[in-house]
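K.L.:
Provide a 3D model corresponding to the input given below.
(chains A and B)
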Amino acid sequence: MSPQVLLALKSIVLPAALATVALFLVGGLKDPLRSRLQALILALGYVLGAYLLLNRFEFPPILPADSMYLAALLLALFVVIAPKDVRSRYGIRAVFVLLTGGVLLWHLRATLNTTPNMRNMLAFFCLGLGVWSILERSARQVSLPSLIAVPMVACAATAALLMFTGSSSFSQMAGVLCGQLGAALVVAGVKPARMSSTAVLPFLSIFVILFMLIGHFYQDVNPWWFIYLCWPFAVLWIRTWLPLPKNPYAEAIVLVILSALPVGYFLSTVVKQTGLPV
Amino acid sequence: MKRLLLAATLLLSGAAYAQNTPWVIDSAHASVVFKVSHMGFSNIYGMFSGIEGTIVWDEKKPEATSFELKIPTASVNTGVAKRDDHLRNTDFFNAKQFPHILVKSKSVKKNGANLDVVADVTMLGVTKPVNFTFHVMKTGKDFAPGSNKMRTGGEATFKIKRSDFGMKYMVTKPGEPGDELEVIVNLEALK
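P.N.:
Numbering: from 1, shown residues only, chains lettered A, B, ... in the order given. Presented below is the predicted three-dimensional model:
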C-alpha cells in the first residue's frame, strides 16, 4: 500500500472510527455532560489524528501545527464553560475567536503590525464570529445531518485549496478535522438523538476558519479565495428562502449539492491557475 | 615625548583593532548547497544564497575562533519555482515564521591546515549541535582592484537529519530517504 494512503488511513480514518464509537457511547448521557464529553472527544480525536500525521507534539507550541492542538482543546473548553444566557454566550464566543486566532498567529507577531495584516485579522475575526453565529442560529432550525454535512463541504474545500496552494501538511490536518466531523455526521445520521449540536458547533465553524487563517497568514493564499469557500455557510443562512424537502436526509443531500457545486467549480478554476502540487 | 606616546598608543590600538576585526562574509561568494533524496528515486539539489555573518579568526590562536552565519530561508532555490514555494511554506522551512537558519560556533580546533568545528544549527526554532571540518582553501590579499582588504575562504560538508529539527513532513520514519540532508557550506569573508 502507498505510504500516503497508509498515512491517511492512520491519521484520518482510525481517529474518526474511534471518535464515532466514543461519540455514540457518550451520546446516551444527559446534557450538559453529553455535549461537554462529545466536544472533548472531537478535540482529542483531532489531536490524535494530527499527532499520527505529523509525529510531533510540542508544548509550548513552536509551529502553527502545534498551536492547532491547543486551539482544538480551547474549543472543547468553550463547550464546557459556555453559559446558556445568549448575551454572555456571544461575548465568550468573541473571546474564544480572539484566543484561538491569537494562539495561531502568535508565531508571526513580529510581522503582523502592518495595515493589510491588521485589516485581514479584523476580517477573519468577523468571519469567524459571523460563521459561528450562522451555525448557532441554524442549529435551532435545520436537521442535525444538514448542520454537520454542509460545513463539511467548506472544510473539505479548505483542505483541497491548501493542497493546491502548497501546504500538504495543513491540507491533511484539515482532512483530520473532516474525519472527526464525519464521525459526528455518522452518529447524527444513524441516531440523531445521540449527537449534541452544541458539541460539534465550534468545530464546524471557527475551527474551519482557523485553517483558512493559516492559509492566508502562513501560506499567503488570497483571503478572497477563502471567502468563496464560505459559501456553504451562506447556504445555511439562506436556506429558509429555499424550497427544501421535509425529510432530514433529503434536505441534507440537497443543501450539500447546493454548497458543493459552486465551491467545486471555484476549486477547478484554482487548479487551472496554480496547477497541481509538485 | 607626549606626542611620541600618543602616536605609539594609536599604533598599538590600531594593531589590536586589526587583530580583533571580524571577517565579514562576502554574500556574493557564499552559498549553502544541500542534497536530499527524493524518496529514494534520485537526489534533489538546492541552494541558499544571501548568507550574512561574521568570523572572528585569530591565526595564532585558532581555538579562539568564533563565527555566526545567518542563512535566509526564503532564498531556497532548487530550480523549480513551485517546489521552492513549497519548501518556503509550513511543510518545510516555514520562512515567514523562521526567516533565517542560524549557525553559531561552539568550539574550533586546529587540524593541520583545517579547522575542526562544533557548531549549533538553529532551524525551525530547534537548536542541534553539528560537527564538521572546515577546509580553509586560501587566505590572501583581496583580488578586487583598489581593495586593501584581505580575503579568506573555504568549504565544509556535513549531514543533518531534518526530522531532528521538527521538519517531519514526508518523513514517516526518521532515517528514511529524504530525512538526511548533505549540506555543503561554501564561503568567503573579507577583512
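K.L.:
contacting residues for A:Thr111?
P.N.:
A:117, B:96 (C-beta atoms under 8 Å, 6 or more residues apart in numbering or on different chains). Bear in mind the C-beta positions are built from the backbone N, C-alpha and C, glycine included.
K.L.:
next one: A:Gln141
P.N.:
Contact analysis of A:Gln141 by C-beta under 8 Å, 6+ apart lists A:239-240.
K.L.:
buried sites along whichever strand or helix holds A:Leu129?
P.N.:
If you go by DSSP states H and E, A:Leu129 is part of helix A:115-139. Neighbour counts using 16 or more other C-beta atoms under 10 Å in any protein chain shown place A:120-121, A:124-125, A:127-132, A:134-136, A:138-139 of helix A:115-139 among the buried residues.
K.L.:
what about stretch A:172-185, average pLDDT?
P.N.:
Within the predicted structure, the mean pLDDT of stretch A:172-185 is 95.
K.L.:
got the contact list for that stretch?
P.N.:
The contact list for stretch A:172-185, computed with C-beta under 8 Å, 6+ apart, reads A:7-8, A:11-13, A:15-17, A:19-20, A:23, A:38, A:42, A:45-46, A:49-50, A:53-54, A:65, A:68, A:145, A:148-149, A:151-152, A:155-156, A:158-159, A:162, A:195, A:199-200, A:203-204, A:207-208, A:211.
K.L.:
one step back: the helix holding A:Leu129 close to chain B?
P.N.:
No: Helix A:115-139 lies out of reach of chain B by C-beta under 8 Å from any C-beta of the partner chain, never closer than 11.3 Å.
K.L.:
could you identify the helix or strand that succeeds that helix?
P.N.:
Downstream of helix A:115-139, the next assigned helix or strand under DSSP H and E is helix A:144-164.
K.L.:
quick one on the thing from earlier: contacts for the helix holding A:Leu129, please.
P.N.:
Outside helix A:115-139, the residues that touch it by C-beta under 8 Å, 6+ apart are A:90, A:93-94, A:97-98, A:101, A:105, A:111-112, A:147, A:151, A:197-198, A:201-202, A:204-206, A:208-210, A:212-213, A:216-217, A:223, A:226-227, A:230, A:233-234, A:236-237, A:239.
K.L.:
and stretch B:134-153, by the same measure?
P.N.:
B:23, B:26, B:29, B:57, B:113-117, B:154-156, B:186-191.
K.L.:
if we check chain B, which of the contacts of stretch A:172-185 are in contact?
P.N.:
Taking C-beta under 8 Å from any C-beta as the test, chain B is in contact with A:7, A:54, A:65 out of the contacts of stretch A:172-185.
K.L.:
returning to that earlier point: the contacts of stretch B:134-153 in strands, which ones?
P.N.:
In strands, defined here by DSSP state E, the members of those are B:23, B:114-117, B:154-156, B:186-190.
K.L.:
low-confidence ranges, the chain, go.
P.N.:
Unless you meant another one, I'm taking chain A. Residue ranges of chain A with pLDDT under 70: A:1, A:85-87, A:277-278.
K.L.:
wrong one, chain B
P.N.:
Scanning chain B for pLDDT under 70 picks out the ranges B:1-20, B:172-177.
K.L.:
coming back round to it: of the contacts of helix A:115-139, buried ones?
P.N.:
Buried subset of those (neighbour count, 16+ other C-beta under 10 Å): A:93, A:97, A:101, A:105, A:147, A:151, A:197-198, A:201-202, A:204-206, A:208-210, A:212-213, A:216-217, A:223, A:226, A:230, A:233-234, A:236-237, A:239.
K.L.:
so which of those residues are in helices?
P.N.:
Residues of the buried ones among the contacts of helix A:115-139 located in helices (DSSP state H): A:93, A:97, A:101, A:105, A:147, A:151, A:197-198, A:201-202, A:204, A:206, A:208-210, A:212-213, A:216-217, A:223, A:226, A:233-234, A:236-237.
K.L.:
strands of chain B, start to end?
P.N.:
Taking DSSP E to define them, one finds strands in chain B at B:23-25, B:31-38, B:42-48, B:52-56, B:66-72, B:100-111, B:114-123, B:126-141, B:150-161, B:180-190.
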